[in-house]
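K.L.:
I need the structure of the sequence given here:
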Amino acid sequence: SLKSRQWLRGGDSQKRTRRSGVTTRSKLDQAPATMPKPKPFRLPTFGLGEIHEEDPVDELADQLSSLATEDISLVSHDHGRARRQERGISRRELQAAKKYGRREATIGPHGEPRWKFVYNGTSYITDETERHEITSWKSDANHDAFGPVDYGGLVGCAVHVVLVVDHSGSMRKSDVLGYADRTEAVYETLRRELLLPQIDLMKTAIGASCADIAVSLIIMSSDSHIQLDRVPVNEVLCARFEELANSEGRSHGHYIPALQRVRTLLKDDAARRVHPIVFFVSDGAPSDHIDAECRHGVHVWHEDRAASREGRRHESGRAVLQSCETEKTCRKDTQERTITECCDIIRELGKMFGEDRITMNTVAFGAPNIDYGVLEEMARVLKRGSFQKLGLGIQLLRQSLSTLSSTITTMLTSGGGSGLTLRAGREMETKEAFHAPVTKVTHHDWDVYTRGDAVYDIVSKRQYDWSKREFVEADLCEGATSVAFAKKYFAQGAERSAHRCVEVKTDGDGFEAVGFPMVGKESLFQEELKHAKFHERVARIHAEGNHMAQLFSARLARAFPGHPEFKLRFSDCWVYTVTDDRYRDNVAYILAEPRLEGRWTKWNNNSGKVAKERGDGPSGLCLEVPQAFSHFTYSVTDGKNLFCDSQGIWNHVDGFCLTDPARHTVEGSHKQRTDKGIAGMRAFFETHECSELCKTLGLKPFRDSA
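P.N.:
Numbering: from 1, shown residues only. Next up, the predicted model:
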């Protein structure tokens, strides 16, 4: 509004500010000495008697110094009071901020003038009368803790994670369940799913190399800027993200300035052995074209002032925009120019590092009906690019960041990654689609492979027989003629993506599900799609793990009779070989296993982390079964193998049903990225405390042969 523009730009003595957590790009000398007198305002009485107005604003400053802190005027409202209680801020702290703090002019989300007081780590926002509490938050006083990472002292490869977070006005929308707005949802999820797992990992022996990770943050709005530059991952950074969660979005989301800042950040890394990962999250399409001139010098996306003065608008109520008399396609041209420039910057980054070294993850976290084509195009530029359309589901965002954290861990602990090429152009399906029962299948959402089809044929379905030490043929379910594999994945880890999968039969124009629901898995890497060895290796480990589980359960049943809840087994596992002309050599491979119904839990991982007790899961000695199984596999193989990453479901009748195990071997394996060798075994035993189960079974202690 005109009033707010005058308020922020009324003279050289005024300063431009932004909300705490977003560094001010430029500040002028001082705030205005006085605020323009507000119009007379009287609070509603609500039948409680007269509420007397206090002195006008221009007289308040002179009186504050003579008032006791507790007598400073503060009219509280529901929103401000709730925010204050959430953040542990007392009423007196706000009064002290007003009395002693630095006073700055600012504006609200709708252009309304406001005041900001900063004192002793507390930021306090009031209305233009300085009396009404709007909001408040705590600031991090220890800014010196955010020092840059010293790359010179690193051994091997380091990872530089560059986060680009949309701070446009639409990020203020309160449409993410459990969060005040989209901004809070993004920063809280970044903190919980990306930063905290890395901090936990650093506390283990295997996580020592994870200190070689730096995080940078770029705030994206109309004038994007670098907020954090190569800071280490620690508790201080987590606290900083908590503060940033309180930031308010504003203005537009311009992609090009944000990508230019990415280029600036990464320029110095090109000559070093640094692996950059860019995570670019936005809730909408780029708005760079709005402020861009067409080739003929016309701002074709700006409002036509003449039409505005005359009161002319479109039938839809939208404002009339300026038009270019030279060419009618100028609006479309400015949008296409934005896409081209975004992709050109990313292409330049690919040339700087080599396309196999830099990763570009673009994430659409916003309304599902918006066109996110630019984000998708950006991901397609690089070989190691991926695009995810998440809608506003917080669980999908958590999965996405958890996957990113796993990728970083794998890259760091394996000496900088495998050099494989991530597959591009893949999408994650919605939570609703994943949970919907599968009865009918169509080619629109599924890849269907049918026995005898000339193009999409099922060549074989095999299962590894541990007793024979070889793969054997397996039959399709009764009545099934085909296997269907969902095009979109619902989750992914360090090596594979997981998709819905089911065996089906022909039913008119579509297919009818006749088999039980399965989870089908494909490699994330282009090179591993062309041969069966990747999935065959996983299937063999799966079968060996199930053999170990049978031995363990038998020993446990003899030592602790009458405890069916202690039983432990692995689900079945099959490898489908299919023909598909979209893959190299026209052949593809699918690893499939039954979909487990129940509450999914990961009881330990391949880095030594152990799950805690939950009310609806195993408790007491039963909770120790997965840890005892891992110890058992080490003991029974005389220290040669250790199975971990125990994940799956549990109930009182059937016990544990696990899937997708990880195996550490004494020699380690570069072919199996989850095999961390002796270091992985050591990480397990550093957090493992032998329970009554381990002692009763007489399991051997860990011998560190490193």
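
K.L.:
In space, what's closest to G80 - neighbours in sequence excluded?
P.N.:
Nearest non-adjacent residue to G80, counting by Cβ to Cβ, 6 or more residues apart in numbering: E133, 3.6 Å away. Backbone N, C-alpha and C define where each C-beta goes, glycine included.

K.L.:
correction: F387
P.N.:
Nearest non-adjacent residue to F387, counting by Cβ to Cβ, 6+ apart: A379, 3.8 Å away.

K.L.:
Look up how far V363 lies from the one you found.
P.N.:
Noted for A379: a distance of 9 Å to V363, by Cβ to Cβ, to the nearest Å.

K.L.:
again with E336
P.N.:
For E336, the distance to V363 (Cβ to Cβ) stands at 23 Å.

K.L.:
The two: which has the busier surroundings?
P.N.:
Shown here are E336 and V363; by other Cβ atoms under 10 Å, V363 has more neighbours (27 against 12).

K.L.:
Next, the more buried one: secondary structure please.
P.N.:
Here V363 is recorded as strand under DSSP: H, G, I helix; E, B strand; the rest coil.

K.L.:
how many neighbours does the residue nearest to V455 when sequence neighbours are not counted have?
P.N.:
Excluding its sequence neighbours, the residue lying closest to V455 (Cβ to Cβ, 6+ apart) is D581, at 5.9 Å. By other Cβ under 10 Å, the residues close to D581 number 10.

K.L.:
for R337, same thing?
P.N.:
16.

K.L.:
what's downstream of the biggest helix by length in the chain, the next helix or strand?
P.N.:
Ranked by number of residues, the top helix in the chain under DSSP state H is helix 533-559. Where DSSP states H and E defines the elements, the next helix or strand beyond helix 533-559 is strand 568-570.

K.L.:
From the centroid of this structure, which residue is nearest?
P.N.:
Residue closest to the mean C-alpha point of the chain, counted by Cα atoms, centre = their mean, is L401 at 2.8 Å.

K.L.:
Please identify the helix or strand for that residue.
P.N.:
Using DSSP H and E, L401 sits in helix 394-413.

K.L.:
Output the contacting helices and strands for that helix.
P.N.:
strand 158-166, helix 182-190, helix 196-202, strand 274-282, strand 359-364, strand 491-492 (3 or more Cβ pairs under 8 Å, 6 or more residues apart in numbering; DSSP states H and E).

K.L.:
Report the residue spans of the stretch 601-706 of the chain with pLDDT below the cut-off.
P.N.:
Scanning the stretch 601-706 of the chain for pLDDT under 70 picks out 605-616, 669-673, 705-706.

K.L.:
Give me the sheet partners of the longest strand along the chain and which way each runs.
P.N.:
If you go by DSSP state E, the chain has its longest strand at strand 496-507. Take DSSP bridges as the rule and strand 496-507 pairs in its sheet with strand 482-486 (antiparallel), strand 491-492 (antiparallel), strand 510-513 (antiparallel), strand 518-523 (antiparallel).

K.L.:
Any chance of JSON lines for those strands, columns distance to I345 and mean pLDDT?
P.N.:
JSON lines is the format used below for the strands paired with strand 496-507 (distance: least, Cβ to Cβ, whole Å; pLDDT from 0 to 100):
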{"stretch": "strand 482-486", "distance to I345": "33", "mean pLDDT": "95"}
{"stretch": "strand 491-492", "distance to I345": "27", "mean pLDDT": "72"}
{"stretch": "strand 510-513", "distance to I345": "43", "mean pLDDT": "91"}
{"stretch": "strand 518-523", "distance to I345": "29", "mean pLDDT": "89"}
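
K.L.:
out of those, deepest packed?
P.N.:
Among these, the stretch with the highest mean neighbour count (mean count of other Cβ atoms under 10 Å) is strand 482-486, at a mean of 25.

K.L.:
chain center to that strand: distance?
P.N.:
29 Å (Cα atoms, centre = their mean, to the nearest Å).

K.L.:
cool, and stretch 302-320?
P.N.:
41 Å.

K.L.:
One more: stretch 589-604?
P.N.:
Its chain's average C-alpha position is 22 Å from that of stretch 589-604, according to Cα atoms, centre = their mean.

K.L.:
neighbouring contacts of stretch 572-587?
P.N.:
Applying Cβ atoms under 8 Å, 6 or more residues apart in numbering, the external contacts of stretch 572-587 come out as 447, 449, 453, 455-464, 471, 474, 483, 520, 529-530, 532, 535-536, 538-539, 542-543, 588-594.

K.L.:
For that stretch, buried residues please.
P.N.:
In terms of neighbour count (16 or more other Cβ atoms under 10 Å), stretch 572-587 has its buried residues at C573, W574, V575, Y576, T577, V578, T579, D580, V587.

K.L.:
The fifth one: what secondary structure?
P.N.:
Taking three-state DSSP as the rule, one finds T577 in the strand state.

K.L.:
for the residue lying closest to it once chain neighbours are set aside, what are its contacts?
P.N.:
Distances taken as Cβ to Cβ, 6+ apart place V459 nearest to T577, at 4.2 Å, with adjacent residues excluded. Shown in contact with V459 (Cβ under 8 Å, 6+ apart): T577, V578, T579, V587.

K.L.:
circling back to that earlier point, could the strands paired with strand 496-507 go into CSV alongside distance to H443?
P.N.:
Below are these laid out as CSV (distance: least, Cβ to Cβ, whole Å):
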stretch, distance to H443
strand 482-486, 9
strand 491-492, 23
strand 510-513, 8
strand 518-523, 16
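
K.L.:
now the helix holding L401 and strand 158-166, what's the angle there?
P.N.:
If you take axes from the mean of the first three to the mean of the last three Cα atoms, to 10 degrees, helix 394-413 sits at 160 degrees to strand 158-166.

K.L.:
next one: helix 394-413 to chain centre, how far?
P.N.:
Computed by Cα atoms, centre = their mean, the separation of helix 394-413 from the middle of its chain amounts to 7 Å.

K.L.:
same check, this time on stretch 361-381
P.N.:
Computed by Cα atoms, centre = their mean, the separation of stretch 361-381 from the middle of its chain amounts to 14 Å.

K.L.:
end-to-end on it?
P.N.:
11 Å (Cα to Cα, to the nearest Å).

K.L.:
about what we covered before: can you tell me which of the contacts of stretch 572-587 are in strands?
P.N.:
447, 449, 458-464, 471, 483, 520, 588-594.

K.L.:
Any of those buried? List them.
P.N.:
Buried members of the ones in strands among the contacts of stretch 572-587, counted by 16+ other Cβ under 10 Å: 447, 449, 458, 461-462, 464, 471, 483, 520, 588-594.

K.L.:
quick one: the helices in the stretch 551-700 of the chain?
P.N.:
Along the stretch 551-700 of the chain, the segments classed as helices by DSSP state H, counting those that start in this stretch run 625-636, 677-687, 692-697.

K.L.:
Which secondary structure elements does the second one sit against?
P.N.:
Counting contacts by 3+ Cβ pairs under 8 Å, 6+ apart, helix 677-687 is packed against strand 641-644, strand 662-665.

K.L.:
Distance-wise, check the residue nearest to V455 relative to K533.
P.N.:
Computed as Cβ to Cβ, the D581 to K533 distance reads 22 Å.

K.L.:
what does E522 give?
P.N.:
14 Å.

K.L.:
V578 now?
P.N.:
Distance from V578 to K533, counting by Cβ to Cβ: 16 Å.

K.L.:
now do Y456
P.N.:
23 Å.

K.L.:
Among those two, which residue is more densely surrounded?
P.N.:
Between Y456 and K533, Y456 has the larger neighbour count (other Cβ under 10 Å), namely 18 against 11.

K.L.:
What does the pLDDT read for that one?
P.N.:
pLDDT, Y456: 93.

K.L.:
Could you do E53 as well?
P.N.:
If you check E53, the pLDDT there is 35.

K.L.:
swap in the one 4 residues further on?
P.N.:
We note a pLDDT of 38 for V57 in this prediction.

K.L.:
related to what we said a few turns ago, pipe the helices and strands packed on helix 394-413 into CSV and attach distance to E478 per row.
P.N.:
Converted to CSV, the helices and strands packed on helix 394-413 look like this (distance: least, Cβ to Cβ, whole Å):
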stretch, distance to E478
strand 158-166, 49
helix 182-190, 44
helix 196-202, 43
strand 274-282, 46
strand 359-364, 42
strand 491-492, 29
